[in-house]
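A.B. asks: Need a 3D model of the sequence below.
(4 chains)
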Amino acid sequence: MNLKQNKETDLKSVISTYVTSGCHLSIGGFTINRNPMAAVYEIIRQKIQGLHIYAHSNGQGVDELIGGGCVSSIEIAYAGSGKFASTCIRFKKAVQENFIKIEDYSNYQMTLRFLAGSMGVPFLPTRSSLGSDIIKIWGFSPEMRKENSKFPNDKLKVMDNPFDNWCDTQKVVVVPAINPDVTILHVQEADLRGNCRIQGLSFADVEQAKSAKHLIITCEKLYKGDELKIDSDRTQIPFIHVDAVVHAPWGAYPTACYNYYDYDPRYLKDYATAAKDDGLYNDYLKKFVYDLNDHNALLKVVGDERLNTIKADPRTGYAANLDRR
Amino acid sequence: MNLKQNKETDLKSVISTYVTSGCHLSIGGFTINRNPMAAVYEIIRQKIQGLHIYAHSNGQGVDELIGGGCVSSIEIAYAGSGKFASTCIRFKKAVQENFIKIEDYSNYQMTLRFLAGSMGVPFLPTRSSLGSDIIKIWGFSPEMRKENSKFPNDKLKVMDNPFDNWCDTQKVVVVPAINPDVTILHVQEADLRGNCRIQGLSFADVEQAKSAKHLIITCEKLYKGDELKIDSDRTQIPFIHVDAVVHAPWGAYPTACYNYYDYDPRYLKDYATAAKDDGLYNDYLKKFVYDLNDHNALLKVVGDERLNTIKADPRTGYAANLDRR
Amino acid sequence: MDYTLKEMMAIVAAREIRNEDIVFCGTGISMLAAMAAKNINAPESVIFFETGAIDSQLEELPLAVGDSRVMYRTSANGGLLDSFATMQNPITGKHVVGILGAAQIDKFGNLNSTVIGDYYSPKTRFSGSGGGCDVASFVPRSIIFMQHEKRKFVQKLDYLTSPGYLNGGNSRKEAGLLDGGPVMVITNLGVMRFDDTTKEMYLSGVYPGVTPQKILDNMEFNVDISRVKEEIPPSEEELRLLRDKCDNQRLIL
Amino acid sequence: MDYTLKEMMAIVAAREIRNEDIVFCGTGISMLAAMAAKNINAPESVIFFETGAIDSQLEELPLAVGDSRVMYRTSANGGLLDSFATMQNPITGKHVVGILGAAQIDKFGNLNSTVIGDYYSPKTRFSGSGGGCDVASFVPRSIIFMQHEKRKFVQKLDYLTSPGYLNGGNSRKEAGLLDGGPVMVITNLGVMRFDDTTKEMYLSGVYPGVTPQKILDNMEFNVDISRVKEEIPPSEEELRLLRDKCDNQRLIL
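C.D. replies: Numbers count the residues shown, from 1 in each chain, chains lettered A, B, ... in the order given. The predicted structure follows:
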């Protein structure tokens, strides 16, 4: 956080400043929607390694970070990209081949963990996962946890309800708070100070934002004045949480951004094809990430014609009748 | 909750159906803003008694319920009506003269208690009140709590952080969930199914709504069609939580309703004067509540001329330059 | 009347959904089943997604629960906290029906969507719980879609991602979960339900032309087949509404 | 230059607020102090209210923190959960300055805003904690406004609503609270601060014309007066901005 009046910066410098090797990172969005892809590609391009990722169901973005070799460990609820990859392919490979360490939670648990971090409490309770292997099996060993002060000593705990049987509840699972070093979100609208508006579903973005030690925003539309102070009921993230703002139109591409554009089915399908083969994947990385200077260059490779097909229909917020087979 | 397509009803019948003697009630709003006053006056008019109230800082509405003799016990963080009564006057009298039982919490604790109820967990943790008499002194005795299954056995508890010193926290206070029998809110906009939009601050209304076993909505503007499904990002309370909807323009009067009208300084000042004296207060109750048939009758007594002075300025949402001395 | 297996499965699930149900669904056939119920037999049922969308107007079929198509003309666009609280909430939660799927299921309706093989060095890694474990933990009734294969109906799960009846009998409650659990498992061959007392799976329905023995041949464990009936195929009207109203782009069917 | 005591008090508080502070305030003089800081010496400080309003454009002075005037042109209109989380949050919370008031204060800056007399049958009942206890528990720095009277600066509080330094020394931390606590008490006579080690109140400033003895005469307990200085009165410019920009309707001043 900072309270500066102008937090605008560029993606290259903001990534190199905040997303350092070994840092604990979370990204916004859900499966194939509103992932901060411009930032994800920049992280891959800068060959940042050893990231620890906190994810709920941040499909495409997380898979590309893993595929780009940036990730060494992850706490996650779900790795999937909808119809395009029911299990994210580079994720699957990395786990099966032991390239990354993994700890499994549920979506609600991960969201509660961000919420706990944003509220400044060490844990929150839920009934989810009682009796399951999410409780019994720990991906990160107690030793690994004890060694590193950035992890809590326990994955989670089961405890008795301190209020006897209040709310018909005998036991709860308590999950530990997360305060990521950095959270990166892509939002529809922001202003120079960092006030942010998300249109459509906010997923867990608000909790991820407010729990972060540093918060980077990329946005479709950047307001230079105080326009967002009008009708501020719509603003979910006030500027006090934000460190840096980057104007990045199409910054969620190839995932969707409600009211702006849809996901690109062709890109996601081609990605899935490449992801299944190491050779093809290296070609993909070279052609679509390493050889390009920035996100605009990617948009140029894709071309306006294709981008036009996924532009959002103003009535529905998505590209109606888009060929998605 | 129910999933009916049309939940519209009238205030008299909805109050007599849901707000029964001895029921546990919470009302929305904060001090002198968006209290569901039409409903409050109807409760007083129906001479419902023995209510247990859950309040954070619901000033004017709670004070009138107490003054009307409807309340026998209360859990509360703050009883004040801004400049008009730094401590609510009938509340003060009732506590000093032992007419009502009281249990003190903080605003955050009461809000967390509603949140816990809405999340379906028996408690939530905070660091607030460690070392204070809010922890040490219990208004409701352990015996009273044990006797009545509608109360948790403990006011609150202090417990060790189950995650060692995670988040630099050694101890937390856990506060028990609330699920009121009934919550009543006044909102700016609703539709027949019960989708609700609050403009300006939502205070703790959303948590009070979602924790309630029954939820009654009064609203300034009632939509008969699906208008609120357009731009639904603005809808804070979806219809699945709502039992009944009442169209009640000026339903928060004499408290404010952002974008519709301001508080009425003259009414609140006159109220404060009357509240200080039992005789005057009986006259107040007779003239402004008992002798009137409904909220419209109150608005007629007040008169259009005065109501016009508090109508909201469309630019600011309140009555700019209103004489508030 | 011709119909596909997918159509049969979607209709069987839809028939289980009632007015006043709030239906949690994922993608694919589970979403289709929820849409079918709403368009055929339970018009007042409400569809919602773990991403926070309630009562979406689904003009096109979403390809993920995070698809922008679920955000259009909802009753509210919230977030994950809202959706899971709706299920854990004691008032709204009682009305929620969850529709789930998995890689493995055991005879007590416990589900694995995490790994095949050892957790630390898995033969196959799947997506993980997502909201599955949450739904299975919270809701009073869930419907499970499965492919009927021996490697999927297993004696012992490689990982218990989402609790069903755990070890059967009263064990779900003893673990601290509320009453509830799976009510049926719908496969490409038939329908399984769970005994009221033992909470063990039994065969309750077969599709026309499928024998109970064929079903047993496709499971690692045995189930009681004494209560089996033939499932009624989709009617003409059901099929028409399913095809025209629920998936006219033929993305799933 | 003529100025009133209220103006002196508001300006003394305002001077304590810095750029990069997020100022929690209530109504009355505390709001005025926050507005004064923003208009005079800390233009980048941010005002916020427990009701959930951040960075309100205060064209008119609100008469309550729930006044619609705090909702106008905010950076965000949230709710109580948002505002208290901002203070308990380890990142934003570090920047929050709380402005508080109370009916009683003790030498360790603990506050009573609940009752005078016995809790169960009080001589005087006040409003209660509101957000006061929360703010006092969470924030690293708080500023307290008090009237300087013997019955208000007491040996022992009738009820400890909002924690200051509890029993002094390290006791705040031992109770489980984070570092922090009151930094100053501003009264109609002068300014008290707290010793770094003992956490006991001492007299740090008197207003022109007030003697340390007069201050001691108006307290039940003794404080160290050896560190006292005279407070600098409001400047012409400070007064002008206070009067014209912060309360031109003269609702508080």
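A.B. asks: Which residue does the stretch 51-200 of chain C have closest to chain A?
C.D. replies: Closest contact between the stretch 51-200 of chain C and chain A, by Cβ to the nearest Cβ, is at C:Ala64 (2.7 Å). C-beta here means a position set from N, CA and C on the backbone, and glycine is covered the same way.
A.B. asks: which residues touch that residue?
C.D. replies: Applying Cβ atoms under 8 Å, 6 or more residues apart in numbering or on different chains to C:Ala64 gives the contacts A:Phe30, A:Thr31, A:Ile32, A:Asn33, A:Gly59, A:Gly80, A:Ser81, A:Gly82, A:Lys83, C:Thr27.
A.B. asks: 10 Å instead, please
C.D. replies: By Cβ atoms under 10 Å, 6 or more residues apart in numbering or on different chains, the residues touching C:Ala64 are A:30-33, A:57, A:59-60, A:80-84, A:86, A:255-256, A:263, C:26-28, C:31, C:49, C:51, C:70.
A.B. asks: and these, which are buried?
C.D. replies: Among these, those classed as buried by 16 or more other Cβ atoms under 10 Å in any protein chain shown are A:30-33, A:57, A:59-60, A:80-84, A:86, A:255-256, A:263, C:26-28, C:31, C:49, C:51, C:70.
A.B. asks: per-residue confidence at C:Met1?
C.D. replies: Here, the pLDDT recorded for C:Met1 equals 66.
A.B. asks: for the one 5 residues further on, same thing?
C.D. replies: Among the per-residue scores, C:Lys6 shows a pLDDT of 93.
A.B. asks: That one against C:Ile29, yeah?
C.D. replies: Yes. Counting by Cβ atoms under 10 Å, C:Lys6 does reach C:Ile29; the two are 6.2 Å apart.
A.B. asks: quick one: which of the two has more around it?
C.D. replies: Between C:Lys6 and C:Ile29, C:Ile29 has the larger neighbour count (other Cβ atoms under 10 Å in any protein chain shown), namely 21 against 17.
A.B. asks: So that one versus chain A, what's the distance?
C.D. replies: Between C:Ile29 and chain A the distance is 12 Å, computed by Cβ to the nearest Cβ, to the nearest Å.
A.B. asks: pLDDT below threshold where in chain C?
C.D. replies: Of all residues in chain C, those with pLDDT under 70 make up the ranges C:1.
A.B. asks: What is the burial count for the closest residue to chain D within it?
C.D. replies: Closest to chain D within chain C is C:Leu81: 10.9 Å, counting by Cβ to the nearest Cβ. By other Cβ under 10 Å, 21 other residues sit near C:Leu81.
A.B. asks: can you pull the contacts of the closest residue to it other than its chain neighbours?
C.D. replies: Leaving aside its sequence neighbours, C:Leu81 sits nearest to A:Thr111 (Cβ to Cβ, 6 or more residues apart in numbering or on different chains; 5.6 Å). By Cβ under 10 Å, 6+ apart, the residues touching A:Thr111 are A:56-57, A:77, A:105, A:124, A:126, A:175, A:203-204, A:207-208, C:50, C:79-85, C:131, C:134.
A.B. asks: Find residues that contact each of C:Lys6 and C:Ile29.
C.D. replies: C:Phe145, C:Ile252, C:Leu253.
A.B. asks: Just among those residues, which is most surrounded?
C.D. replies: C:Phe145 (23 neighbours).
A.B. asks: Report the beta-bridge partners for that residue.
C.D. replies: C:Gly101, C:Ile186 (DSSP bridges).
A.B. asks: how far away is it from C:Gly98?
C.D. replies: 11 Å (Cβ to Cβ, to the nearest Å).
A.B. asks: who touches both of the two?
C.D. replies: Common neighbours of C:Phe145 and C:Gly98 (Cβ under 10 Å, 6+ apart) are C:Gly26, C:Ser30.
A.B. asks: re the thing from before, tell me the SS of the residue nearest to C:Leu81?
C.D. replies: helix (DSSP: H, G, I helix; E, B strand; the rest coil).
A.B. asks: So which bits of the host helix or strand of A:Glu143 are buried?
C.D. replies: Assigned by DSSP states H and E, A:Glu143 belongs to helix A:142-147. For helix A:142-147, the neighbour count (16+ other Cβ under 10 Å) marks A:Arg145 as buried.
A.B. asks: which strands and helices sit next to that helix?
C.D. replies: Helix A:142-147 sits against strand A:101-104, with contacts defined as 3 or more Cβ pairs under 10 Å, 6 or more residues apart in numbering or on different chains; DSSP states H and E.
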